[in-house]
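1. Here is a sequence together with a model predicted from it:
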Amino acid sequence: MKTRLRLSKLPPYTKNAAISYGLVTAAFVIVSLLKAAGMISSSLQGQLVPICCYIIMAISLNLVVGISGELSLGHAGFMSAGAFTGIVISGLLETSGLPEVGRLIFAVIGGAIVAGIFGFLIGIPVLRLRGDYLAIVTLAFGEIIKNFMNIIYAGKDSTGFHLKTNPELGLEATGRMLLNGPMGATQVQRISTFTAGFILVLITLFVVQNIMNSKQGRAIMACRDNRIAAESIGLNVMKYKLMAFVVSATLAGMGGALFGLNYSTLLPVKFNFNTSVLILVFVVLGGVGNIWGGIIAATILTILPEAFRQFADYRMLTYAIVLILVMIGTYNPAIRARLGMLRDKIFPSNKEDPKAKKPRWRKSGKGVA
Amino acid sequence: MIFLSNLINGLSLGSVYAIIALGYSMVYGISKMLNFAHGDVIMVGAYISFCGTAYLGLPAWLALILAIVVCTALGMVIEGLAYRPLRGTGSLAVLITAIGVSYFLQNAALIIWGSAPKVFSSLFEGFGSSISLFDGELTVTWEAIFTLIAAILVMIGMTLFTSRTKAGKAMRAVSEDNGAAQLMGINVNTTISMTFAIGSALAAVAGVLLCSSYPALMPTTGAMPGIKAFTAAVFGGIGSIPGAMLGGILIGVIEILGRAYISSELSDAIVFGVLIIVLLVKPTGLLGKKMTEKV
């Protein structure tokens, strides 16, 4: 790759982007090797694709919450749209003789497009609102999407594809139900793979990082930082906010399609408010606007609850307590200051002898030693 | 007649939403945070009342008072331990903490009471099941009547409290301008704590009323009514007491009528759809104050 060869000459943001692709690739290679060597437990292996999905969801939500600065509480709705579109497309192509990879590609593209259209249609009204009102409307749309998925029935037979809002599709005997209203999708062929997940994570990273470092991305951030100032220099705030929103929805649809094709059955209620919140927790815990933080938070918070399965009921209770403590620990000004001081003590950043005693309440002890 | 009976059911459900929304709205007004744990306080209130009658053998009204006391304390503890350390750090951090508290309450309830639904005995059992009007064509449950009365009383009480008493005025002052209120000698911490206490007490009342009408009590019972009530608060204009009341009642009526006449599966979608339309026409809700943006 050209970018790698001339790394030192590149502008810093391209360098950072190259480093993040490198890190993701390295993580993928290491996990794949461990998997091949049989060093990953089967429960963790089952988590690999969901982890990729949640990473995609976290990065894409970060585009709205972090870069565009709007709180969205309905991200799971786009995931849902992507997942069920993906399942339908894959189901329709089952008999076409296409290899699994080809079907997955079509499913992911289809899921992304449908979710993107949803994002566009929802974004136009939603982005007219501000702050918490915007948040509640995204929540409302998330619930509406969930509700509609509950009444959609789809099936296919030799006469073609049928889509209705009631179970009487009138399929032929050889036909097959693809979506079954509140029962969701059943007998889905599981064609998602870890490799596909890795590639989609790379694509997501590529899209988001390029947006962040483009003219449009800077405009989006300008609208976030000061709407009035951005308007006064002639930026179309609505347009840029909508752009971030639609791209985010599209990426979420992509992740959703990957997610949907990883399970043999999928219920529409899976994508409820709690899932939206879960993704938001990844973003906030990782640091709003921080792509890497989101990736790490998504990975850890997907693995941890599984790892603590033996604690059964106490698992989610612990999760809740940890969540509250982490939020207080990272955001409380007093605790932050204490932690900063502790860090200075353990890792003195100035060049003095670390063994030298420093006065207790001084941050930089230059000249004391 | 069926329409009338649906309307009454809607008004009754709406009254419960209104009482919850009132708590939401007050807490939002004063601390500018979306308290997603509010719905779970409802659930705790209902469980406490359930335990009071089923295990301690208390009469229903005493169990209700017990629930109110416990929830008031719970609200103050939550505010003090989880939200106060994060005051002034931006709404997102507090929002996630509120979600953490919500998970905590749901899972604690799951451990204590189990996931199997408990059958809640109605607060108004002593009155008999329902009254019939118009030669039995229209039956109205006592629950519906008392829920409506309770909501009206709560609204009158809250309006008087915020407009007449010193504490209520302090509450309004803090929600108007935190800093200026502090300079006027108002103890902001106490006032916010008191708001949470009142909101949680109302949540306990709402929980008992809700479960009197819909008797299946589970750890997740409060989640959806919580979201609906929040919608109601926004619908009516968050921060406004009559707004919360109006929003709650409208949401309840829309939900029940939508379920009866349009589609039972889509009743939630209808509620949220109406919310979206209202917010697009009037971005601060039906009775919300218009906020001017300063450069």
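-> Happy to help now that I have it.
2. Close to chain A: what parts of the stretch 51-200 of chain B are there?
-> Within the stretch 51-200 of chain B, the residues that sit near chain A (C-beta under 8 Å from any C-beta of the partner chain) are B:82, B:85-86, B:88-93, B:95-97, B:99-104, B:106-108, B:110-111. Quick note: C-beta positions are derived from backbone N, CA and C, even for glycine.
3. at 7 Å what do you get?
-> Within the stretch 51-200 of chain B, the positions lying close to chain A (C-beta under 7 Å from any C-beta of the partner chain) are B:82, B:85-86, B:89, B:92-93, B:96-97, B:99-101, B:103-104, B:107-108, B:110-111.
4. Among these, name the ones in helices.
-> B:92-93, B:96-97, B:99-101, B:103-104, B:107-108, B:110-111 (DSSP state H).
5. Which of those has the largest number of neighbours?
-> Tallying neighbours with other C-beta atoms under 10 Å in any protein chain shown puts residue B:97 at the head of those, with 29 neighbours.
6. ok, residue A:170 - how many residues close by?
-> 10.
7. How many residues are close by residue A:115?
-> Counted with other C-beta under 10 Å, residue A:115 comes out at 32.
8. Would you mind checking the average pLDDT for stretch B:132-151?
-> Averaged over stretch B:132-151, pLDDT sits at 80.
9. how long is it from one end to the other?
-> 22 Å (C-alpha to C-alpha, to the nearest Å).
10. chain center to it, what's the gap?
-> Distance, stretch centre to chain centre, for stretch B:132-151: 21 Å (C-alpha atoms, centre = their mean, to the nearest Å).
11. go on, stretch B:178-192?
-> Centroid displacement of stretch B:178-192 relative to its chain, using C-alpha atoms, centre = their mean, is 25 Å.
12. Now that stretch: buried residues?
-> Within stretch B:178-192, the residues scored as buried using 16 or more other C-beta atoms under 10 Å in any protein chain shown are B:178, B:181, B:186, B:188, B:191, B:192.
13. between these, which is nearest residue A:319?
-> residue B:192 (27.1 Å; C-beta to C-beta).
14. centroid residue for the chain?
-> Unless you meant another one, I'm taking chain A. Taking C-alpha atoms, centre = their mean, the centroid of chain A lies closest to residue A:57, which sits 1.2 Å from it.
15. Leaving aside the residues adjacent along the chain, what's closest to it?
-> Leaving aside its sequence neighbours, residue A:57 sits nearest to residue A:279 (C-beta to C-beta, 6 or more residues apart in numbering or on different chains; 4.6 Å).
16. helix, strand or coil for that neighbour?
-> Following DSSP: H, G, I helix; E, B strand; the rest coil, we place residue A:279 in the helix state.
17. any bit of the lengthiest helix in chain B sitting next to chain A?
-> Scanning chain B for the helix with the most residues, using DSSP H, yields helix B:2-31. No - residues of helix B:2-31 contacting chain A under C-beta under 7 Å from any C-beta: none, with a closest distance of 7.7 Å.
18. For that helix, buried residues please.
-> By neighbour count on 16+ other C-beta under 10 Å, the buried set for helix B:2-31 is B:5-6, B:8-31.
19. and what of stretch A:328-336?
-> A:328, A:330, A:331, A:332.
20. I figured the first one hits residue B:85, correct?
-> Yes - with contact defined as C-beta atoms under 7 Å, residue A:328 and residue B:85 form a contacting pair (4.8 Å).
21. Just the strands from the stretch 151-300 of chain A, written as ranges.
-> A:153-157, A:160-164, A:176-180 (DSSP state E, counting those that start in this stretch).
22. average pLDDT across the second one?
-> For strand A:160-164, mean pLDDT rounds to 78.
23. for the last one, same thing?
-> Per-residue pLDDT over strand A:176-180 has a mean of 81.
24. That one - contacts with which helices or strands?
-> helix A:75-93, strand A:153-157 (3 or more C-beta pairs under 7 Å, 6 or more residues apart in numbering or on different chains; DSSP states H and E).
25. Likewise for the second one?
-> Strand A:160-164 sits against strand A:153-157, with contacts defined as 3+ C-beta pairs under 7 Å, 6+ apart.
26. Show me what the strand it packs on is packed up against.
-> Using 3+ C-beta pairs under 7 Å, 6+ apart: strand A:153-157 touches helix A:75-93, strand A:160-164, strand A:176-180.
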